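S.K.: Got a predicted model here, sequence first, then my questions.
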Amino acid sequence: RNLGYFLEDNQTVIDIDDCPLACQPIRDLLSEQCRDPGFKHSLRDQMKVTFRHTDHNGVMFWRNRPPAHSSWLKEQTSLGLVSVPAGSFFQVNPRVTEILLSKVGTLLKKIGPASVIDLYCGCGILALLAAEIGIEQVTGIDNDAETIKAAGYNAQQRNASSCCFITGNADKLSAYLPEKINSAHTTLLIDPPRTGLGNKTRMAID
């Protein structure tokens, strides 16, 4: 059984026992598991194995989905600790996270919008940044209900009362826009999944 990277056909897997792109704790655990015959024997075709690491939680892995009732992970950022459901997306490269926060923060300060909509907001990190800058109305939208709960919790921990988080589909963006939001003074932040924006979402933005 192979465990590793997909090739260009997105089906063939090249077997690895180390990942130079990952942080050292993940590399160490991956190598340890790959030396264990029982681990490889437990794998099945099309199974997804996820390795995650945070400074707060250490390194862990699971097959397919995180264990039921898993505690939220804690990710360290320049905004402080943020909570992220184990199975939800978070930028795993801390340096990229900080570059993103810095660039977006600079742009928001330059634009100075009255309101911000954070589409595909995840755990709300960009929305929290907007609130910290002082933007009066911040709305985060994501279709992952668990990560929206985490976003609300993160905002509550910071007393970010200007933040409102909604579980919903980006294709229906217009349905989430309060009438009091003036589009001329609203900045839309878009951080979509790797598949990019769908046609309906682009139409909703237009």
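M.R.: That came in fine, so what should we check first? A quick note: this is a predicted structure, and the numbers were derived from the prediction, not measured.
S.K.: Tell me which helix or strand comes right after the longest helix along the chain.
M.R.: In the chain, assigned by DSSP state H, the helix with the most residues is helix 94-111. Beyond helix 94-111 in the direction of the C-terminus, DSSP states H and E gives the next helix or strand as strand 115-119.
S.K.: What mean pLDDT does that following strand get?
M.R.: In this model, strand 115-119 has a mean pLDDT of 93.
S.K.: residues in contact with that strand?
M.R.: The contact list for strand 115-119 (C-beta atoms under 8 Å, 6 or more residues apart in numbering) reads 108, 124, 126-127, 130, 135-141, 170, 173, 176-177, 181-182, 185-192, 201. Heads up, the C-betas are built off the backbone N, CA and C, glycines and all.
S.K.: Equivalent analysis for stretch 63-73, please.
M.R.: With C-beta under 8 Å, 6+ apart, stretch 63-73 has contacts from 42-43, 47-50, 52, 54, 56-57, 83-87, 90, 150, 153.
S.K.: how does it look with 7 Å?
M.R.: 47-49, 52, 54, 57, 83-87, 150 (C-beta atoms under 7 Å, 6 or more residues apart in numbering).
S.K.: Quick one: residues contacting Gly87.
M.R.: 65-66.
S.K.: same deal with Pro85?
M.R.: Contact analysis of Pro85 by C-beta under 7 Å, 6+ apart lists 72, 146-147, 150.
S.K.: For those, which single residue is the most surrounded?
M.R.: Ranked by the number of neighbours (other C-beta atoms under 10 Å), these place Thr147 first, at 26 neighbours.
S.K.: and the next element down the chain from the helix or strand containing Leu129?
M.R.: Per DSSP H and E, Leu129 falls inside helix 125-133. On the C-terminal side of helix 125-133, the closest following helix or strand by DSSP H and E is strand 137-142.
S.K.: mind listing what that next one pairs with, with the direction of each?
M.R.: Neighbouring strands of strand 137-142 in its sheet, by DSSP bridges, are strand 115-119 (parallel), strand 163-167 (parallel).
S.K.: Please indicate which of those has the most neighbours on average?
M.R.: Among these, strand 115-119 has the highest mean neighbour count (mean count of other C-beta atoms under 10 Å), at a mean of 24.
S.K.: Inside helices: which ones of the contacts of Pro85?
M.R.: Per DSSP H, the contacts of Pro85 map to helices at 146-147, 150.
S.K.: Go through those and name the one nearest Phe6.
M.R.: Of all the ones in helices among the contacts of Pro85, Phe6 sits closest to Thr147, with 24.6 Å by C-beta to C-beta.
S.K.: Now the closest one: closest residue in space, sequence neighbours ignored.
M.R.: Leaving aside its sequence neighbours, Thr147 sits nearest to Ser88 (C-beta to C-beta, 6 or more residues apart in numbering; 4.1 Å).
S.K.: what about Met52, which SS state?
M.R.: Actually, residue 52 is Arg rather than Met. strand (DSSP: H, G, I helix; E, B strand; the rest coil).
S.K.: Report how many residues lie close to it.
M.R.: 19.
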